[in-house]
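In: Sequence and predicted model, in that order:
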Amino acid sequence: MAVTADNPFALLAIGGAHVDRIGHVTGRYHPGASNPGRLVASVGGGAFNALRNAVLRGATPAAMLSARGGDDDGALVAGTIEQAGIADLSAVFLDRRTASYTAILDSSGEQIAGLADMEIYETALPRQLRRRTVREAISVAKAILVDANLPEAALGTICDLADGPVFAVAISPAKAVRLAAVADRIATVFMNRREMNALGDGTGASGPAGLAARGFRRAVVTGGAAPVLVLDGDALLAVEPPPAETVADVTGAGDSLAGATIARLIAEPGISLAEAARDGIAAAQLTIRATGPVADSLTEPDFDAIRKKTAIRPLAENKDRQL
């Protein structure tokens, strides 16, 4: 579609869109040994997963900007973007290998180990920010979503170009620290507790206080089945999910929480972050019921039932307090 100031994307995601290969161990996991199980491939990536969830919750029209190789994995990524009804602004490099992520999960669905092969994002993806059409799309988009697969310089360029809010997904403890360089320019950052600790390291503070010390004003921090921490300016809250009915696969749960939360923030700019995060929790619980990083649907009545059972409570003003 043609992008103009009168017809912008509601959400433009810039970052990872690649193939996820998830290994599910059958029975007890034996470290250092061969384990029986099954391997399932799907298209994922932090930015793309979150974008697909945002689209399922009404953030349209939407677009994806990534980089991929001219291989079979790249063709699979392209097909999935098209099937999701998302405009594809990505570049294809015929001589490169499409990024991939491989994870091993135990029989309960919890991750044992993960391997990210994402070299193409370090060099090829930032180069796309020089394209005039890309720069125009960023400047007129109502909102931007980035992930920490992008190098610091690229994150800075996107923040310079964006007129709307920039949301960020931390990806991993190793990559999350890249977001520190643009902390004060991120509208809301989404991460787990390990990524929060990595970002807070060296600030002299722990927990959400470490994020505030880095310059982040708003953050959503997940911790598995534990309450979600929400830092919203000077307020610190816990958003408590109901017990999950079923856990088939935890892959993509954090991304789905980010995407649905962002969709609510876009739809209702004045809503509180904690209230929007209730949508995110509902999306995450529907996602973990299915195999793969994105649920088929995020609609009522199941979505609304989970959201209504999700409670919000304030925490002590001292942001060092841990749950």
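Out: Nice, I can see it. Numbering: from 1, shown residues only.
In: C-alpha coordinates for stretch 246-254, CSV please?
Out: Taking C-alpha atoms only, stretch 246-254 is exported to CSV below (Å, rounded to 0.1, in the frame of the first residue of the first chain):
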residue,chain,number,x,y,z
THR,A,246,-3.2,-24.9,29.8
VAL,A,247,0.4,-24.6,29.0
ALA,A,248,1.3,-26.2,25.6
ASP,A,249,4.2,-23.9,24.6
VAL,A,250,5.6,-20.8,26.2
THR,A,251,7.3,-19.6,23.0
GLY,A,252,6.1,-16.1,22.1
ALA,A,253,4.2,-15.4,25.3
GLY,A,254,6.2,-12.3,26.1
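In: Buried residues in it, which are they?
Out: Across stretch 246-254, burial judged by 16 or more other CB atoms under 10 Å covers Asp249, Val250, Thr251, Gly252, Ala253, Gly254. Any C-beta I mention is one placed from the backbone N, CA and C, and that applies to glycine too.
In: Residues contacting that stretch, please?
Out: Stretch 246-254 has contacts (CB atoms under 8 Å, 6 or more residues apart in numbering) with 20, 22, 24, 44, 49, 103, 105, 108-111, 169, 190-192, 222, 224, 284, 287-294.
In: Quick check: phi and psi on the nearest residue to Ala47 once chain neighbours are set aside?
Out: Distances taken as CB to CB, 6 or more residues apart in numbering place Gly15 nearest to Ala47, at 3.2 Å, with adjacent residues excluded. Main-chain dihedrals, Gly15, degrees, to the nearest 10: phi 150, psi -140.
In: what's Gly15 in contact with, if anything?
Out: Going by CB under 8 Å, 6+ apart, Gly15 touches 45-48, 66, 121, 125, 145-150, 169.
In: rewinding a little: show me just the buried residues among the contacts of stretch 246-254.
Out: 20, 22, 24, 44, 49, 103, 105, 109, 169, 190-192, 222, 284, 287-288, 290, 292-294.
In: what pLDDT, on average, does stretch 286-305 get?
Out: Stretch 286-305 comes out with an average pLDDT of 84.
In: What pLDDT is listed against the residue nearest to Ala47?
Out: The model reports Gly15 with a pLDDT of 97.
In: Kindly report the same for Pro61.
Out: Looking at Pro61, its pLDDT stands at 97.
In: Correct me if wrong: it contacts Ala87.
Out: Yes - using CB atoms under 8 Å, Pro61 is in contact with Ala87, at 6.7 Å.
In: Name the helix or strand for the spatially most central residue of the chain, please.
Out: The C-alpha lying nearest the average C-alpha coordinate of the chain belongs to Asp255 (CA atoms, centre = their mean; 3.6 Å). Element membership of Asp255, judged by DSSP states H and E, is helix 253-267.
In: Identify each buried residue in that helix, please.
Out: Buried residues in helix 253-267, counting neighbours by 16+ other CB under 10 Å, are found at 253-266.
In: Quick one: the helices in the stretch 201-323 of the chain, in order.
Out: For the stretch 201-323 of the chain, the helices defined by DSSP state H, counting those that start in this stretch cover 208-214, 253-267, 273-287, 302-308.
In: what's the angle from the third one to helix 253-267?
Out: This points to helix 273-287. Here the directions of helix 273-287 and helix 253-267 differ by 130 degrees (axes from the mean of the first three to the mean of the last three CA atoms, to 10 degrees).
In: Ala13 falls within a strand, correct?
Out: Yes - using DSSP: H, G, I helix; E, B strand; the rest coil, the assignment for Ala13 is a strand.
In: neighbours of it, just the number please.
Out: Ala13 has 35 neighbours, counted by other CB atoms under 10 Å.
In: and the buried residues of stretch 246-254 as CSV, adding pLDDT and distance to Asp71?
Out: Compiled in CSV, the buried residues of stretch 246-254 are given as follows (pLDDT from 0 to 100; distance: CB to CB, whole Å):
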residue, pLDDT, distance to Asp71
Asp249, 70, 25
Val250, 74, 28
Thr251, 74, 22
Gly252, 80, 23
Ala253, 88, 28
Gly254, 92, 27
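In: pLDDT below threshold where in the chain?
Out: Applying pLDDT under 70 to the chain flags residues 1-7, 316-323.
In: Which ones among the contacts of Gly15 lie within strands?
Out: Judged by DSSP state E, strands contain the following of the contacts of Gly15: Leu145, Val146, Asp147, Val169.
In: for the stretch 101-250 of the chain, what spans make up the strands?
Out: 111-117, 144-147, 166-169, 188-192, 218-222, 228-232, 235-240 (DSSP state E, counting those that start in this stretch).
In: Include distance to Leu39 when you put these into a markdown table, please.
Out: Formatted as a markdown table, the strands of the stretch 101-250 of the chain follow (distance: least, CB to CB, whole Å):
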| stretch | distance to Leu39 |
| --- | --- |
| strand 111-117 | 13 |
| strand 144-147 | 24 |
| strand 166-169 | 25 |
| strand 188-192 | 24 |
| strand 218-222 | 26 |
| strand 228-232 | 31 |
| strand 235-240 | 34 |
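In: right, and those strands - which one's nearest Gln83?
Out: Among the strands of the stretch 101-250 of the chain, strand 144-147 comes nearest to Gln83, with 19.4 Å by CB to CB.
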